[in-house]
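Peer 1: Could you work out the structure for the sequence below:
(2 chains)
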Amino acid sequence: MTLVPAAVVIVVVAIAGASAALAAFFWALRTRQFSVRQLNEGATVIFDSAEDIGKPTDQLFRKPLPDKDERTDH
Amino acid sequence: MSAPTTDVHRAPAAGPDQRIADELLRIGIDASTAGPTVLYLVSGIAWLLIGSLAGVAASFKLHLPDWLGGFGPLTFGRLRPIHLNAVTYGWISLAGSGMIVWLMGRLCRTEIRWPGLLYASAILWNAGLAAGSLLVLLGYNAGMEWLEFPLPAAVTIAAAFVLFALSMFRTFAARQVEHVYVSLWYILASMTWFPVLYVIANAGLYQGVGEAAMNWWYGHNAITVWFTPIGLAGAYYFIPKVIGRPIYSYYLGLLGFWSFALFYNWNGLHHLVGGPLPTWAISVSIVASLMMFVPVLAVAVNHHMTALGHLQIVRYSPTLRFVVFGAMSYTAVSFQGSLEATRTVQEIAHFTHYTIGHAHLGMYAFVTMVLFGAIYYILPRIAKWEWPYPGLIKVHFWLSAAGVIVYFVALTVGGWLQGLAMNASAVPFLDTVGDTIPWLWARSVSGSMMTIGHFVFSAHVALVIYRAGPRRFAPAWFRKAEEVAAE
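Peer 2: Okay, here's the model as predicted:
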């Protein structure tokens, strides 16, 4: 295939891709993904009450540590 | 699509019962992802080892050209594509798929749907990779960079990806959380874009200049629509999750995604600066490459500002150390890539080792390091077994980090000098080749460091999967838990 038909394929694919992106964008608008409430709270969906904000989670098998005073005593 | 049942984030009640319920839900979701995730991760790591060995062998051959030269399958022209395909379609794609499966469960807050498709996909994908690699070793090569696998192998891989995407979209449709988190946007976009890209590029409809245009439209977009989303989805999840702090600006996160979708896919033709293509086409690509500063700055500000103030966690958390290294590398490689696309830089850097250094900054220092970090987080939660030897993680990190830094610096400096020499008409061409040899030695040594790190990593992964080694009841941090707690 020469450059021109190849470019046609690229343009068609680009239009299809852009259409898919637009469809996704309008779906997001319709489902209010960009509403102020969702934008303000969306960053917190990766947390839950057991792995809450303010709690580092790279501590899977962590046993409770003795608190500072206890360690000083020993 | 079933209606999501929870609010934007989580149930507000945080009493003991709610915490137990959330914990049990999360454990159940993780368990549903365990089988497919382990299959993807383990096979990805196997391809990492194969690809690393092929890469190191190919690297040594650049300055020791007679080494292993008497046997066709071990010549540079065959080993180099094996390295490229094994690490991209093997390691990054399979390990990335494993990470995506696990993240989909977490982000959709539901069990994985159609897991049978995932098992079939992983098996098909590995079969396609094995067949493609064997054919390339035997000398059958489709002849385009990033697309070397002959058609039967490519069709198998495409079919595997479609099965994978079907399961992921079905899981998304069953999600139990209303909001689509920014990582999920990257994942869903890649599920849509990559199969289309891969099928069209492998269709074999193009010849001559059109083939070159298609080659680099594909080559750069494979990074755009598949490898980069893997890295960014991981970074957007693990940095805030490990620190325990939401990302700095969620607005910037979404702006970054949509501007990424708008600008990145136009970039491919900057690989053909000076080539026989219409100037306007290449110029459009260069402009789009410069526009990438918008999404990159959005991501960079977000990742770095989220980690800022919590750098003590980077000191002891294996996951965070790898992922933050990857995020910093993303900023670096993107800035470099935008500038590298300009004609001024291309005049010197094109056709030199400089480009190889850039590619490894992206595919290794960014994507691969994020994947290592993700695996250090995911695997203990699936295997219910903590990493037994934190010292091995440290060895792995420093071999990988130091390896890729030496690799990048050597090829960047060596490549730039090579470009200057090639542009100097008074310098004989063979001198420009000979002058690169010290830099190529640095490349081989640093590549060997990374490869040793990969073997250390894979041995450690085997210990966790088989629940071997000393059982730890404290997190596998780089420092003693008591020291961390004392700060």
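
Peer 1: What helix or strand is residue B:415 located in?
Peer 2: Per DSSP states H and E, residue B:415 falls inside helix B:390-423.

Peer 1: Next, see if that helix gets close to chain A.
Peer 2: No - Helix B:390-423 stays clear of chain A (CB under 8 Å from any CB of the partner chain), getting no nearer than 11.7 Å. Backbone N, C-alpha and C define where each C-beta goes, glycine included.

Peer 1: contacting residues around the helix or strand just after that helix?
Peer 2: Sequence order places helix B:429-434 as the next helix or strand after helix B:390-423, per DSSP H and E. Residues outside helix B:429-434 that contact it (CB atoms under 8 Å, 6 or more residues apart in numbering or on different chains) are B:418, B:421, B:422.

Peer 1: List phi and psi for the closest residue to residue B:219 other than its chain neighbours.
Peer 2: If the residues on either side of it in the chain are set aside, residue B:219 comes closest to residue B:146, at 4.5 Å by CB to CB, 6 or more residues apart in numbering or on different chains. Here is the backbone geometry of residue B:146 (degrees, to the nearest 10): phi 80, psi -10.

Peer 1: Let me know whether residue B:146 touches residue B:217 as I believe.
Peer 2: No - Residue B:146 is beyond contact range of residue B:217, at 10.8 Å (criterion: CB atoms under 8 Å).

Peer 1: And these two? Which one has more around it.
Peer 2: The residue with more neighbours, out of residue B:146 and residue B:217, is residue B:217; 27 against 20, by other CB atoms under 10 Å in any protein chain shown.

Peer 1: Okay, the more buried one and residue A:48: tell me how far apart.
Peer 2: Separation of residue B:217 from residue A:48 (CB to CB, to the nearest Å): 42 Å.

Peer 1: And residue B:341, by the same measure?
Peer 2: 42 Å.

Peer 1: Could you count how many residues lie near residue B:178?
Peer 2: Using other CB under 10 Å, residue B:178 has 19 neighbouring residues.

Peer 1: roughly how far apart are it and chain A?
Peer 2: 8 Å (CB to the nearest CB, to the nearest Å).

Peer 1: hmm, back to that, CSV please, covering the contacts of helix B:429-434 and showing neighbour count and pLDDT.
Peer 2: Shown next, in CSV, are the contacts of helix B:429-434 (neighbours: other CB atoms under 10 Å in any protein chain shown; pLDDT from 0 to 100):
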residue, neighbour count, pLDDT
B:418, 22, 96
B:421, 20, 96
B:422, 17, 95
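
Peer 1: and which of those is nearest chain A?
Peer 2: Nearest to chain A among the contacts of helix B:429-434 is residue B:422, at 27.9 Å by CB to the nearest CB.

Peer 1: got a list of what that closest one touches?
Peer 2: B:351, B:352, B:429, B:432.

Peer 1: for residue A:34, what are its contacts?
Peer 2: Contacts of residue A:34 (CB under 8 Å, 6+ apart): A:28, B:254.

Peer 1: For it, give its distance to residue B:254.
Peer 2: Applying CB to CB to residue A:34 and residue B:254 gives a distance of 7 Å.

Peer 1: Look through the chain and tell me its longest helix.
Peer 2: Using chain A here. As assigned by DSSP state H, the longest helix anywhere in chain A is helix A:3-30.

Peer 1: actually it's chain B I care about, not the one you picked
Peer 2: helix B:16-63.

Peer 1: Next, the buried residues of the helix or strand following it.
Peer 2: Under the assignment DSSP H and E, the closest C-terminal helix or strand after helix B:16-63 is helix B:76-85. Buried residues in helix B:76-85, counting neighbours by 16 or more other CB atoms under 10 Å in any protein chain shown, are found at B:76, B:78, B:79, B:80, B:81, B:82, B:83, B:84, B:85.

Peer 1: Just put those in TSV and tack on distance to chain A.
Peer 2: Output for the buried residues of helix B:76-85, formatted as TSV (distance: CB to the nearest CB, whole Å):
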residue	distance to chain A
B:76	30
B:78	28
B:79	30
B:80	26
B:81	23
B:82	28
B:83	28
B:84	23
B:85	23
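
Peer 1: Next, the contact list for residue B:19, please.
Peer 2: For residue B:19, the contact set (CB under 8 Å, 6+ apart) comprises A:49, A:50.

Peer 1: Please report how far it lies from residue A:25.
Peer 2: Per CB to CB, residue B:19 is found 37 Å from residue A:25.

Peer 1: burial count for residue 52?
Peer 2: No chain specified, so I'll use chain A. Applying other CB under 10 Å, we find 15 other residues in the vicinity of residue A:52.

Peer 1: my bad, the chain I had in mind was chain B
Peer 2: Residue B:52, neighbours per other CB under 10 Å, totals 23.

Peer 1: picking that back up, which of the buried residues of helix B:76-85 sits closest to residue B:38?
Peer 2: Nearest to residue B:38 among the buried residues of helix B:76-85, counting by CB to CB, is residue B:85 at 22.9 Å.
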